[in-house]
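Undergrad: need a structure here:
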Amino acid sequence: MFGPVNNILSLIFWLLSIGAFILSISALIHAVRIPSRAFQAAGKQTKQLWMIILGLATLFTFAAAVNYLGIGMGMPGLLTILSVIASGVYLADVKPAVNQYRGGGNQGPYGPW
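TA: Residues are numbered from 1 along each chain as shown. Next up, the predicted model:
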C-alpha cells in the first residue's frame, strides 16, 4: 500500500542528499584554493578551522548520499542538516569576504584579465 509513495520519498531524499554533498564539496574545494591570509584579512575564522568544518560536512553528506551506516536514504539526520548549514554559511558569508583578498593574477583597471 505504501510502496510507491515510499519509493518516491526515498528518491527525493536521496536527491537532496546528493545536492547536499555537492554543496559541501564545492565549499571545501573553494576553501582549499583560497590562501590562509585571505581569511585573516577578511576577519573570518582561520582557514584550518573552516577546512575541518567543511571536511566533516563533506564526510557527513557523503555518508548520507551513500547510506553509510544507515545515515541516509530516509529523513536527513541532524549531522547532515548541520553540514548543509555549515556549508551554506561558508558559501554565503565567508566566500564573498575572502574572494576580495584572493589576490594574484593580472589586475587591470576594471578587474582581472
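Undergrad: Which elements pack onto the helix or strand harbouring Ser26?
TA: If you go by DSSP states H and E, Ser26 is part of helix 3-33. Helices and strands touching helix 3-33, by 3 or more Cβ pairs under 8 Å, 6 or more residues apart in numbering; DSSP states H and E, are helix 47-66, helix 78-89. C-beta here means a position set from N, CA and C on the backbone, and glycine is covered the same way.
Undergrad: mind showing which ranges of this structure have poor pLDDT?
TA: The chain contains residues with pLDDT under 70 at 1-5, 68-76, 103-113.
Undergrad: Could you state which residue of it sits nearest its centroid?
TA: Ser24 (2.0 Å; Cα atoms, centre = their mean).
Undergrad: which residues touch that one?
TA: By Cβ atoms under 8 Å, 6 or more residues apart in numbering, the residues touching Ser24 are 54, 57-58, 61, 83-84, 86-87.
Undergrad: rerun at 7 Å
TA: 54, 57-58, 61, 83, 87 (Cβ atoms under 7 Å, 6 or more residues apart in numbering).
Undergrad: Which two among those residues are spaced furthest apart?
TA: Leu54 and Thr61 (10.3 Å; Cβ to Cβ).
Undergrad: ok so Arg102 is a strand residue?
TA: No - read with DSSP: H, G, I helix; E, B strand; the rest coil, Arg102 is coil and lies in no strand.
Undergrad: Tell me how far the residue nearest to it when sequence neighbours are not counted lies from Asn99.
TA: Take Arg102 and drop its neighbours on the chain: the residue closest to it by Cβ to Cβ, 6 or more residues apart in numbering is Ala38, 6.0 Å away. Here the distance between Ala38 and Asn99 works out to 8 Å (Cβ to Cβ, to the nearest Å).
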